[in-house]
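S.K.: Quick one, what's the 3D model for this:
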Amino acid sequence: AALARDAVEAAQQGLSEELAGRLETNGTLTAVDVAAAAAAGDATALDLIREGGNHTGQVIAGLVSFFNPGLVVIGGGVTGLGHTLLAAIRTQVYRQSLPLATGNLPIVLGELGPTAGVIGAARLISDHLFSPA
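M.R.: Residues are numbered from 1 along each chain as shown. Presented below is the predicted three-dimensional model:
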C-alpha cells in the first residue's frame, strides 16, 4: 500500500510519465503497476522499489541479528517486484546485521506469490490435525 501511495504521488508530481499514464488509465496505481513501470525502464519506479527494499531490509536486519535464522524467504505479493527489491533488501541486511548472523545467510524470493500466507496457514492446520497426540 505504501508503494502504491508513493507511486501515485510521484505520478501526480510529474516525476514519471510511465506511472502517470497508468494512473490516468486505471484511476489508481498498485505494486503491479510499479513493477510493470520498472520493467519498462522507468527510473522513478525503480527508485521507489529500491527505497521500499531499503526500509524492509532495515527491519529484517534487526530480526536477523536477534533470531539468527538459517534462511530468509521474502514472500507474498512483493515477490512480483523481483530482483530489484531483493537486491535492496540484501544490501541492508548484510550491511546492518551482525556478521555472524549473515555469514552464510541466503535471502531469497518465495515462489508461492500472494497465496503464500494461505498455503502456510493450511499447512499449519494440517500439521496440527494429523500430528500424533
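S.K.: any residues touching the longest helix belonging to the chain, and which ones?
M.R.: Ranked by residue count and defined by DSSP state H, the top helix of the chain is helix 43-67. Residues outside helix 43-67 that contact it (C-beta atoms under 8 Å, 6 or more residues apart in numbering): 2-3, 6-7, 10, 15-16, 18-19, 34-35, 37-38, 69, 72, 74, 78, 81, 84-93, 95-98, 101-102, 105, 107. Any C-beta I mention is one placed from the backbone N, CA and C, and that applies to glycine too.
S.K.: Of these, which belong to helices?
M.R.: The helices, defined by DSSP H, take in 2-3, 6-7, 10, 18-19, 34-35, 37-38, 84-93, 95-96, 101-102 from the contacts of helix 43-67.
S.K.: Please, a PyMOL command that selects the buried ones among these?
M.R.: In PyMOL syntax, the buried subset of those is picked out as below (16 or more other C-beta atoms under 10 Å):
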select buried, resi 3+6+7+10+18+19+34+35+37+38+84+85+86+88+89+90+92+93+101+102
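S.K.: Can you pull the poorly scored residue ranges out of this protein?
M.R.: For the chain, residues meeting the criterion pLDDT under 70 lie at 133.
S.K.: Spatially central residue for it, please.
M.R.: In the chain, the centroid-proximal residue (C-alpha atoms, centre = their mean) is residue 78; its distance is 3.8 Å.
S.K.: CA atoms of stretch 51-60 as CSV?
M.R.: The C-alpha coordinates for stretch 51-60 follow below in CSV (Å, rounded to 0.1, in the frame of the first residue of the first chain):
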residue,chain,number,x,y,z
GLU,A,51,13.5,2.7,-1.3
GLY,A,52,10.9,0.1,-0.2
GLY,A,53,13.6,-2.6,-0.2
ASN,A,54,15.9,-0.4,1.9
HIS,A,55,13.1,0.1,4.5
THR,A,56,12.2,-3.6,4.5
GLY,A,57,15.8,-4.6,4.7
GLN,A,58,16.4,-2.4,7.8
VAL,A,59,13.6,-4.2,9.6
ILE,A,60,14.7,-7.6,8.5
